[in-house]
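Colleague: Could you work out the structure for the sequence below:
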Amino acid sequence: MLTVIVFLITLSVLVLVHELGHFLAAKKSGIKVEEFGFGYPPRLWGKKIGETVYSINWIPFGGFVKLYGEELAEEKRGKDTFWSKSKKVRTAVIVAGVLGNFLLAIICFSIVYSAVGIPIKTDQVKIVGIAQDSPAEKMGLKKNDIILAVDDKDLHDLKHFIALIEEKKETQVKLLIKREENNLLLFIMPRESPPEGQGSLGVVVSSIEMKKYPFWQMPFRGAVEGIKEAMGWGTLIFSSLAKMVVDLVGRGVVPKDVAGPVGIFQVTAGVAQQGILTILQFIGVLSVNLAVLNILPFPALDGGRLLFILYEVVTRKRPKPSIEHWVNAVGMAVLLSLIILVTVNDIQRIIKTTSLAAQLRSFWPF
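Modeller: Got it, this is the predicted structure:
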């Protein structure tokens, strides 16, 4: 049940923040907002305050904003319609949703860094994770051990350690380890062909240390790191999407690591058990992902709506309502088809790793 609650809250927060960005920008620009809804219709409850209906709907996640005269085909007139505003104003209203998601991500990351500390690069090679049944586990390496040397060669940084281990595959090596206040020697043999997702030793190493500053500095330092984190994830997601498109179009390779609603639900099951800070970090990553996806120049997304404004800039005339309608309809159909395909892939992946019934039993209380 905890997974279900976290999943619904996460999606609701992500979409509501996005729509709140559109809502506030529209109000600021003098565009009439007909409805701001929590969840999706059919409507459960609604109350009109001023010119806007605030509603709660039966499908309990996400939300929406209905702007007056948002579609050209509606043929609505007046200074408070969406299409009556300048191209600059309409662009600002469209982009506001994306900015809302980036701001949410920055806030989430900032809270996490303010709580756990600010990452500082060191010259240490610290073990932060050990794979089960790996050489590292069998030879007694432990989390938080610091590797000082490999075969009597002092380590300079993380890259130096990786290079030395790569040279010693299938050869016994001597590691000088610092554990708490003691130094000890361990002998270990790096694997030539480790399991997927593991290195030769089966350890996760880092040269990053989380440093705490005076409490009054932490929110400001956390905010700086939060901005860096959001920008970093944005760059990574953009580059991953570009690679995915190149692989799909150029090489005909279908991506296997893309997750849909079922995949996100599966990840949420693990995240929900690890505490509020992990949940906040998860929300931050998803929020950046939603922002990047929405700004893509694809019909039915915010980026697709920006294309109509670009068309207007180039041709100096409004797009035909029928063209706008059909382009958005086709775009939505393609998006729904992709969601279905990704969902099928998620289910197949779950079935492959373990039985679907066992997965469902771990998610639902029956």
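Colleague: Where does pLDDT dip in the stretch 251-366 of the chain?
Modeller: Applying pLDDT under 70 to the stretch 251-366 of the chain picks out residues 251-263, 265-266, 336, 338-366.
Colleague: Next up, phi/psi of Ser207, please.
Modeller: Phi and psi for Ser207, reported as degrees, to the nearest 10, are phi -110, psi 10.
Colleague: do Lys178 as well
Modeller: The phi/psi pair for Lys178 (degrees, to the nearest 10) is phi -100, psi 120.
Colleague: same check, this time on Leu186
Modeller: Taking degrees, to the nearest 10 as the convention, Leu186 sits at phi -130, psi 140.
Colleague: Number of residues surrounding it?
Modeller: Leu186 has 16 neighbours, counted by other C-beta atoms under 10 Å. (C-beta placed from N, C-alpha, C; glycine too.)
Colleague: show me what contacts it?
Modeller: When contacts are counted by C-beta atoms under 8 Å, 6 or more residues apart in numbering, Leu186 touches 139-141, 174-175, 177.
Colleague: Among those, which lie within helices?
Modeller: For the contacts of Leu186, not one is inside helices, with DSSP state H as the criterion.
Colleague: Which one (most neighbours) among those?
Modeller: That'd be Leu175 among the contacts of Leu186, by other C-beta under 10 Å, with 23 neighbours.
Colleague: these two touch, right, that one and Asp152?
Modeller: No: Leu175 lies out of contact with Asp152 (C-beta atoms under 8 Å); the separation is 10.3 Å.
Colleague: sorry, back to before: as JSON lines, the contacts of Leu186 with pLDDT would be great.
Modeller: What follows is the contacts of Leu186, written out as JSON lines (pLDDT from 0 to 100):
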{"residue": "Met139", "pLDDT": "89"}
{"residue": "Gly140", "pLDDT": "90"}
{"residue": "Leu141", "pLDDT": "92"}
{"residue": "Lys174", "pLDDT": "93"}
{"residue": "Leu175", "pLDDT": "93"}
{"residue": "Ile177", "pLDDT": "94"}
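Colleague: Neighbours of the closest residue to Ile309 other than its chain neighbours, how many?
Modeller: In this structure, Ile309 finds its nearest non-sequential neighbour in Lys87, 5.2 Å apart by C-beta to C-beta, 6 or more residues apart in numbering. By other C-beta under 10 Å, the residues close to Lys87 number 13.
Colleague: Lys87 touches Glu312, doesn't it?
Modeller: Yes: between Lys87 and Glu312 a contact is recorded at 6.2 Å, counting by C-beta under 8 Å.
Colleague: Who are the contact partners of Cys108?
Modeller: Counting by C-beta under 8 Å, 6+ apart, Cys108 makes contact with 226, 280-281, 283-284, 287.
Colleague: what about the strands in the stretch 201-350 of the chain?
Modeller: Taking DSSP state E, counting those that start in this stretch, the strands of the stretch 201-350 of the chain run over residues 203-211.
Colleague: could you give me the average pLDDT of the particular helix or strand that has Lys27 in it?
Modeller: With elements taken from DSSP states H and E, the one containing Lys27 is helix 2-28. Averaging pLDDT along helix 2-28 gives 88.
Colleague: can you check stretch 104-119 too?
Modeller: So the average pLDDT for stretch 104-119 ends up being 95.
Colleague: Tell me how many other residues surround Ala115.
Modeller: Neighbours around Ala115, by other C-beta under 10 Å: 14.
Colleague: Spit out the contact partners of it.
Modeller: 222, 277.
Colleague: In three-state terms, label it for me.
Modeller: With DSSP: H, G, I helix; E, B strand; the rest coil as the basis, Ala115 sits in helix.
Colleague: What of the one 10 residues further on?
Modeller: Per three-state DSSP, the local secondary structure of Val125 is strand.
Colleague: ok, now Pro195?
Modeller: Counting by three-state DSSP, the backbone at Pro195 sits in coil.
Colleague: hang on, the earlier thing: how close does the residue nearest to Ile309 get to Val314?
Modeller: 11 Å (C-beta to C-beta, to the nearest Å).
Colleague: what's the answer for Gln124, then?
Modeller: 55 Å.
Colleague: quick one, which of these two is more surrounded?
Modeller: Using other C-beta under 10 Å as the criterion, Gln124 and Val314 rank with Gln124 on top: 18 against 8.
Colleague: Am I right that Ile295 is in contact with Asp302?
Modeller: Yes: contact status for Ile295 versus Asp302: in contact at 6.0 Å, counting by C-beta under 8 Å.
Colleague: Could you tell me which residues touch both of those two?
Modeller: 95, 98.
Colleague: Quick check: phi and psi at the residue nearest to Gly331 when sequence neighbours are not counted.
Modeller: Residue nearest to Gly331 in three dimensions, not counting chain neighbours: Pro299, with 2.4 Å by C-beta to C-beta, 6+ apart. Here is the backbone geometry of Pro299 (degrees, to the nearest 10): phi -50, psi 140.
Colleague: doesn't Ala333 make contact with Pro299?
Modeller: No: using C-beta under 8 Å, Pro299 is not in contact with Ala333; the gap is 9.5 Å.
Colleague: ok, the two, which is more surrounded?
Modeller: Pro299 (20 against 12).
Colleague: mind listing what that one touches?
Modeller: Listed by C-beta under 8 Å, 6+ apart, the contact partners of Pro299 are 307, 327-328, 330-332, 334.
Colleague: Among the contacts of Cys108, find me the one that's closest to Asp145.
Modeller: Using C-beta to C-beta, Gln281 comes nearest to Asp145 of those, at 25.0 Å.
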